[in-house]
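In: Would you be able to build a 3D model of this:
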Amino acid sequence: MLPAAPGTRTLRQATGALGTLGAVALMALGAAPAVAAGPAPTPTPSSTPELVLGEMAPTVDGLRPGGTYDVPVSFTNTGAQALDKVYLEYSVTHGLSHTELPSNCVRFDVGSYDELPDKSYAICEFDQTIEPGVVYAPRSR
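Out: Just a heads-up that it's a prediction; the model follows:
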């Protein structure tokens, strides 16, 4: 990972795959119990805020055509300073789509090219303070 410029925010994926997830139904972020997403990363105080994505299931089984899937994602600010705002991006590939998106999210599609499949992206903005050491997760409907 390249070093971040001073004052920028870094989002690092700790484990899991973010690219093959189903429907997204986010409204706001809430502090989540650490056990909800597996072991939380140990905070390492740093001079800049730093986000670490919690553990996610590498595959999703049992989805059927027309079915939905709530994305079980969490993240922790492992830095020493609070963040004012966070952006969370989801992407899905061929055969999956984002069903309902709240007003704090925007969706765009990228058509296939070369040998890559179509992709659909959703980027959600959470305009709230993210405190150091707290595990956060989007609330599902």
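In: element containing residue 59?
Out: Under DSSP states H and E, no helix or strand contains residue 59.
In: burial measure for it, as a count.
Out: Neighbour count for residue 59, taken as other C-beta atoms under 10 Å: 7. For every residue, glycine as well, the C-beta is placed using N, CA and C.
In: Quick check: the gap between it and residue 107.
Out: As defined by C-beta to C-beta, to the nearest Å, residue 59 lies at a distance of 23 Å from residue 107.
In: what do you get for residue 61?
Out: 25 Å.
In: Looking at those two, which is more packed in?
Out: For residue 61 versus residue 107, neighbours defined as other C-beta under 10 Å are more numerous around residue 107 (14 against 5).
In: and the closest residue to that one other than its chain neighbours, how far is that from residue 110?
Out: Computed as C-beta to C-beta, 6 or more residues apart in numbering, the closest residue to residue 107 that is not its neighbour in sequence is residue 122, at 4.8 Å. From residue 122 across to residue 110, the span is 12 Å (C-beta to C-beta).
In: Looking at the two, which is more packed in?
Out: residue 122 (22 against 12).
In: Who are the packing partners of the helix or strand where that one lies?
Out: According to DSSP H and E, residue 122 maps onto strand 119-126. In this structure, strand 119-126 makes packing contacts with strand 26-31, strand 86-93, strand 105-110, judged by 3 or more C-beta pairs under 8 Å, 6 or more residues apart in numbering; DSSP states H and E.
In: and these, which is most packed in?
Out: strand 86-93 (a mean of 18; mean count of other C-beta atoms under 10 Å).
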